[in-house]
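Undergrad: Kindly generate the corresponding structure for this input.
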Amino acid sequence: MPGHKLTRFAIAAAALAALLTGGAVTDQSAASRARPGPALSTAAKTAGLALGFVENRGQVDARARYYAQGDRYAFYVSQREVMLAFEKQKSARGVALALRFVGRNPRSQPVGTQRAPGEVNYLRGNDRTAWRTGVRHFREIVYRNLWRGIDLRLRERSGALKYEFRVRPGASPSDIGLAYAGGQGLRVDAGGALVIKTAIGSLRDSAPVSYQEISGSRVPVQSRYVLKRGARFGFALGSYRRDRALVIDPGIQYTTFLGGSSHEIAEGIAVDANGNAYVAGSTQSPDFPTRVGSFRRTGAANNFGDVFVSKLNPAGTALVYSTFLGGSDFEFGRRIAIDGSGNAYSRVRRNPRTSRPLRALSTGR
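TA: Numbering: from 1, shown residues only. Here you go, the predicted structure:
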């Protein structure tokens, strides 16, 4: 394992270490002390198979019943929580979070459903007794009656954890209790999304979409996140029919890390009607990613902080634009807003005594 980079093996190990200790992993040394997890099957990747959640038959710690792994992420499913581990690009820094089930039914167990085609084999080392063959993998994990009358369903989609709750008639959605352990705080943004702050960036759970199937039609139900003490959260629902099943469908819309080789702080985020995300903050990374034609492509000289303004496409897979703003001193990007034309406005603080709003054009030029 290269000493300068937190690889997929180390991220997997970091998640397991945090699963056992309840902590978060943010550096290479902590990850290297844990037992490495297994690699994904190269043959399966070449064949284009979607592995989803792989059953654990001794490949990893027994507390993980199922797991999903990919480049720079890993998810581990246990009885009481789901571990999420991510790596920041161009860095030896990673983070492990635990999505815990507060007030859960202790008898509820995660069960793989919708078995995926094919099998996975792990042939590691010369000890054949340690090999695992014919390992099954599943498209979905279900916790039945995780709370009274409420099931939780999990799916892995291209590095994002998709989860939804199925509330049976008569059950109470207020029983659902969740908590993110290992993060640095929660907040709900202006669009209703849940933002989880971590040591290497922020993750975003999209605003919940809730509905009922009535007479063959999907009837929307108003819903929102409710924050509670101890990094806990739940859901508040509008009026709905208690004699019919209810689906609450939140989930991480996408996960991505934006930054360079030094330090970044993201202070503001906004989303337009097309799903593009606008992020403003401060960076000390001279290699912070920018785009050709940007207003300013280089910054953060001599380790002074500059403001960045970046626009990501709706999938979070590409930068529409990204630019530096600032001069020869420290600047801090505090907030961002967008208008109906997609122009972005960031409030920039130059020093403790002065502040003024600056405009970042929608093209970033």
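Undergrad: Which strand residues bridge Val221?
TA: Beta bridges link Val221 to Ser210, judged by DSSP bridges.
Undergrad: err, Ser322, not the other one
TA: Beta-bridge partners, per DSSP bridges, of Ser322: Ser310.
Undergrad: That one contacts Thr283, doesn't it?
TA: No: using CB atoms under 8 Å, Ser322 is not in contact with Thr283, being 10.4 Å away. Glycine gets a C-beta too; all of them are placed from N, C-alpha and C.
Undergrad: what residues are shared contacts of the two?
TA: Contact criterion CB atoms under 8 Å, 6 or more residues apart in numbering; residues shared by Ser322 and Thr283: Phe308.
Undergrad: where does the stretch 1-150 of the chain dip in pLDDT?
TA: 1-51, 71, 88-92 (pLDDT under 70).
Undergrad: Please enumerate the strands of it.
TA: Along the stretch 1-150 of the chain, counting by DSSP state E, counting those that start in this stretch, strands occupy 53-55, 66-70, 73-77, 81-87, 94-102, 110-115, 120-122, 132-135, 137-147, 150-157.
Undergrad: okay, Ser322 and Thr283: which has more neighbours?
TA: Thr283 (27 against 20; other CB atoms under 10 Å).
Undergrad: so who does that one touch?
TA: Per CB under 8 Å, 6+ apart, neighbours of Thr283: 259-260, 262-265, 299-300, 305-308, 324.
Undergrad: ok, now how distant is it from Gly177?
TA: 36 Å (CB to CB, to the nearest Å).
Undergrad: and what of Arg187?
TA: 18 Å.
Undergrad: Please apply the same query to Ser215.
TA: 32 Å.
Undergrad: Just grab the bridge partners of Thr113 for me.
TA: Glu140.
Undergrad: quick one: Asp151 and Glu140 touch, right?
TA: No: the pair Asp151 / Glu140 is not scored as a contact, 11.0 Å apart, by CB under 8 Å.
Undergrad: can you tell me how far Arg229 sits from Arg104?
TA: Taking CB to CB, one finds Arg229 at 18 Å from Arg104.
Undergrad: These two - which one has more neighbours?
TA: Neighbours were counted for Arg229 and for Arg104 using other CB under 10 Å; Arg104 has more, 21 against 6.
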